[in-house]
Structures are given as C-alpha cells and as structure tokens.
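Participant: Kindly return the folded structure for what I paste below:
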Amino acid sequence: MRNASDLVLAHGNGRIPPTGKNRSGRKSHGRRGRSKLQQLKQEELKEIFNSAFLDREQAEVVSLTESRLLDVDRGEVLRNSRYVRAFNL
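Facilitator: Alright, predicted model coming up:
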C-alpha cells in the first residue's frame, strides 16, 4: 500500500510542476505585463524628477514635463514643505 510520501518520491524531485495557469484554468500573462508597465512608470518618474525645477524661493519641486502615464501636468508641484505627490506604480 502506498502513502503520500511514496507519491512525492515517485514524481521525481518532490515539486509540483507549474502549469502556467491561474485558478480559472486560463493561461496567465499578467505578471510579465505588469512588470514592464511598472518599469516604464519608474523610468518616467526618474525622468520627471531629473528634469524638474527646484524653486528655492518657495521651496517647491515643479514638473517641467508632462506625463500621461503618471498623470502629471507641466507646472504641477511635485513636492513642497507640506505636500508630496504620491505616485501609484
């Protein structure tokens, strides 16, 4: 009579092979797509802050570029002494 440990050893390395399917049985490609989008957003965010204007008189960081991906307008205050713009990556 076999028990559960015999079945695991008979399978080989003891791991269940990944099927690449989600709970509904469909193939899932969402993780790769999200990471590419997240990488694009991070690069865009770096570019926005690298090209931003630092207004020392009013202690503000102001965007000089526009980004539709991050919903940032030209001239928008990204950071000041009381406010920090949050970005959902």
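
Participant: any low-confidence regions in the protein?
Facilitator: The chain contains residues with pLDDT under 70 at 1-34.

Participant: Quick one: residues in contact with the lengthiest helix in it.
Facilitator: Counting residues, the longest helix found in the chain (DSSP state H) is helix 30-50. Contact partners of helix 30-50, identified using C-beta atoms under 8 Å, 6 or more residues apart in numbering, comprise 61, 63, 65, 67, 69-70, 72, 78, 87, 89. Quick note: C-beta positions are derived from backbone N, CA and C, even for glycine.

Participant: try 7 Å
Facilitator: 63, 65, 67, 69-70, 72, 87, 89 (C-beta atoms under 7 Å, 6 or more residues apart in numbering).

Participant: ranges for the strands of the chain?
Facilitator: Under the criterion DSSP state E, the chain carries strands at the ranges 53-55, 60-62, 77-79.

Participant: Parallel or antiparallel, which strands does the first one pair with?
Facilitator: In this case it means strand 53-55. Applying DSSP bridges to the sheet, strand 53-55 is found paired with strand 60-62 (antiparallel).

Participant: what residues does the strand it pairs with touch?
Facilitator: Taking C-beta under 7 Å, 6+ apart as the rule, strand 60-62 contacts 52-55, 75, 77-80.

Participant: could you flag which of those are buried?
Facilitator: With burial judged by 16 or more other C-beta atoms under 10 Å, the buried subset of the contacts of strand 60-62 is 52, 78.

Participant: Redo the contacts of strand 60-62 as TSV? Include distance to K36.
Facilitator: As requested, those are exported to TSV (distance: C-beta to C-beta, whole Å):
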residue	distance to K36
A52	25
F53	30
L54	31
D55	34
G75	29
V77	29
L78	24
R79	27
N80	32
